[in-house]
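A.B. asks: My questions concern the predicted model and sequence given below.
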Amino acid sequence: LVATGAIEGVEGESFNAGRMGTYTIEKDPTRDAGLRVLMGPFKVYDASNVEAEAGPQAEVGTGPVQATPGQDVDMVLLPKFLGILVFDQANQGAEEAHAELQTPEELQFLGPTPENSVAGQIEIVTTAATQGQDAIMISNNAGDQIAPAAQAARDAGMTVVTWDSPIPSAEGEQIFVAQVDFDETGKVMADMALKILGDDGGKFAVLSASPDAANQNAWIAALEEVLATNNKYASLELLDIVYGNDQSEDSYNQALALVDKYPDMELIMAPTTVGIAAAAKAMQDEGLCDTVKVSGLGLPAEMVSYTLNGCAPEFALWSFVDLGYLTYYVSYLLATGAIEGSVGERFEAGRMGTYTVEKDPTRDAGLRVLMGPFKVYDASNVEAEAGPQEEPSGAPVQVEPGQEVNMVLLPKFLGILVFDQANAGAEEAHAELQNPGELQFLGPTPENSVAGQIEIVTTAATQGQDVIMISNNAGDQIAPAAQAARDAGMTVVTWDSPIP
């Protein structure tokens, strides 16, 4: 039509394109200059329609690579830090793959404390390389600061895979196992913001994890990009980006600070499971759920009550169990030489099916394996995903007050307000139950949280305590001490953070 002079190629011209109907020339909102004709829409494919669209398929000469079980591979799964449920779930998935592949060597789940995450991660990577580990799987919280240690591990012959959060430069990293397409994350957050705030939009802020978290930074950049280039989201105004460092108390306080700073803010978007739960609790505690909503990336089990009461009407996530499982398979295949880590390689990942190694389009360098997809949760599906709630059977058990029980409440570490509040609640119940035994509030320092917690559990067992209540910050490293306490006749209960 342009070549024949039927249209001039100017904004606003409409034309008929045969069986596809009528189209209009418009300014291209995704570039600084230029016109476009927008075809659209997307078509979603699944098992019900993909074969018809693909057409007849030629027989493939070689299938995807399959893992050979039973090979000796010493592996370390390194989360950003210990004590976060999603990382425990990732470890659960990795343990599943470890057992499925009959790996005779130990899978270690090692991580730093939240306060020492960057230096702690670098130290663990360095130590793994010097101790002869075969593979390390890193959810990177240190940005490119971890790259020299990762490269040194590669030079020492180790397999280095990242998951959840990559090394931005990809230096020292063979493959990044991406939970979702990072560019898509921005659109998902913008869509949820628009749905919650309505067509008229509104003002919102982002509550992120740490400034060095590569995944968080990429997701926020994708959000900013879609807000700046897509007219669909022109009614949304991003006010600020703040960081709660994936700490519940910090995130809670940052959420309240945003409310004080921006009285006309209507939404907090938190692309972190710790941040979204803390922000929702802050709005609930302050009675603000009707005026400030919360959304982002959250765990259904942690968000179900906030979604049903309207504080967090909608949020999204993926399966961290699956992410840990897939990461283990990728690392095992690389470490055993079954795949090289090159673009186009296809492999089987057990129950999760076939995947392909591809160039990571969200970074200047690096390869990725893309898991996907997002799942969006709201009041219609969050309860089912959070798990069935057991119906009570029979009459509830009544407590008999006045019995002597010596108890220890063990937080992750001392000096955090939320743990002081938990102790206040425990003291209230202690008085209410007229317990003549002692309730002790004991905890380590932040710098010695893991070893300190293990020491306190061990000491409590030898000193004849009856009960210890643990907010676990040591992952499965605390399990032997907890089991020893059980064997000594103690009651062991975890709260806030379980033993994986």
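C.D. replies: It's in.
A.B. asks: For the lowest-mean-pLDDT helix or strand in the chain, what is the distance to the chain centroid?
C.D. replies: When each helix and strand of the chain is scored by mean pLDDT, DSSP states H and E, helix 50-54 comes last, with a mean of 78. Centroid displacement of helix 50-54 relative to its chain, using C-alpha atoms, centre = their mean, to the nearest Å, is 33 Å.
A.B. asks: now do stretch 487-500
C.D. replies: From the chain centre to the centre of stretch 487-500 is a distance of 25 Å (C-alpha atoms, centre = their mean).
A.B. asks: Adjust the sequence numbering to begin at 693 for everything that follows.
C.D. replies: Noted, 693 is the first residue going forward, which turns the last one into stretch 1179-1192.
A.B. asks: what about that stretch, start to end distance?
C.D. replies: Start-to-end span of stretch 1179-1192 (C-alpha to C-alpha, to the nearest Å) is 19 Å.
A.B. asks: Check stretch 1123-1136 too.
C.D. replies: Chord length of stretch 1123-1136, first to last residue, is 25 Å (C-alpha to C-alpha).
A.B. asks: Give me the contacts around it.
C.D. replies: The contact list for stretch 1123-1136, computed with C-beta atoms under 8 Å, 6 or more residues apart in numbering, reads 1091, 1093-1106, 1111, 1115, 1118-1119, 1122, 1143-1145, 1147-1148, 1152, 1157-1158. C-beta: built from backbone N, CA, C; applies to glycine.
A.B. asks: Need the buried ones from those selected in ChimeraX.
C.D. replies: Filtering the contacts of stretch 1123-1136 down to the buried ones (16 or more other C-beta atoms under 10 Å) takes a single ChimeraX command:
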select :1098,1099,1100,1101,1102,1103,1104,1105,1106,1111,1115,1118,1122,1144,1145,1148,1152,1157,1158
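A.B. asks: quick one on the thing from earlier: which is the next helix or strand following the least confident helix or strand of the chain?
C.D. replies: Using DSSP states H and E, the helix or strand that follows helix 742-746 in sequence is strand 767-770.
A.B. asks: next helix or strand past that following strand?
C.D. replies: Next helix or strand after strand 767-770 toward the C-terminus (DSSP H and E): helix 777-792.
A.B. asks: on contacts alone, who are the packing partners of the helix or strand following that following helix?
C.D. replies: Note on helix 777-792: by DSSP H and E, the next helix or strand toward the C-terminus is strand 799-801. Packing contacts for strand 799-801, counted by 3 or more C-beta pairs under 8 Å, 6 or more residues apart in numbering; DSSP states H and E, involve strand 767-770, helix 777-792.
A.B. asks: So which of the contacts of stretch 1123-1136 are in helices?
C.D. replies: Phe1111, Asn1115, Ala1118, Glu1119, His1122, Ala1143, Gly1144, Gln1145, Glu1147, Ile1148, Ala1152 (DSSP state H).
A.B. asks: Now do the same for the closest residue in space to Trp911 that isn't next to it in sequence: its pLDDT.
C.D. replies: Closest residue in space to Trp911, ignoring its immediate chain neighbours: Thr877 at 4.2 Å, by C-beta to C-beta, 6 or more residues apart in numbering. As predicted, Thr877 sits at a pLDDT of 93.
A.B. asks: What's the mean pLDDT across the helix or strand harbouring Pro1172?
C.D. replies: Following DSSP H and E, one finds Pro1172 within helix 1171-1179. If you average the pLDDT over helix 1171-1179, you get 93.
A.B. asks: Could you pull up the contacting residues of the closest residue to Ala910 other than its chain neighbours?
C.D. replies: Nearest residue to Ala910 in three dimensions, chain neighbours excluded: Phe874, at 4.3 Å (C-beta to C-beta, 6+ apart). Residues counted as contacts of Phe874 (C-beta under 8 Å, 6+ apart) are Asn907, Ala910, Trp911, Ala914, Thr1054.
A.B. asks: Just say helix, strand or coil for Val1013.
C.D. replies: What DSSP: H, G, I helix; E, B strand; the rest coil gives for Val1013 is helix.
A.B. asks: and it, how far is that from Gln976?
C.D. replies: Separation of Val1013 from Gln976 (C-beta to C-beta, to the nearest Å) stands at 28 Å.
A.B. asks: what's the answer for Lys895, then?
C.D. replies: 21 Å.
A.B. asks: ditto for Gln843
C.D. replies: In terms of C-beta to C-beta, Gln843 sits 45 Å off from Gln976.
A.B. asks: again with Leu948
C.D. replies: Taking C-beta to C-beta, one finds Leu948 at 12 Å from Gln976.
A.B. asks: Equivalent analysis for Tyr1017, please.
C.D. replies: In terms of C-beta to C-beta, Tyr1017 sits 34 Å off from Gln976.
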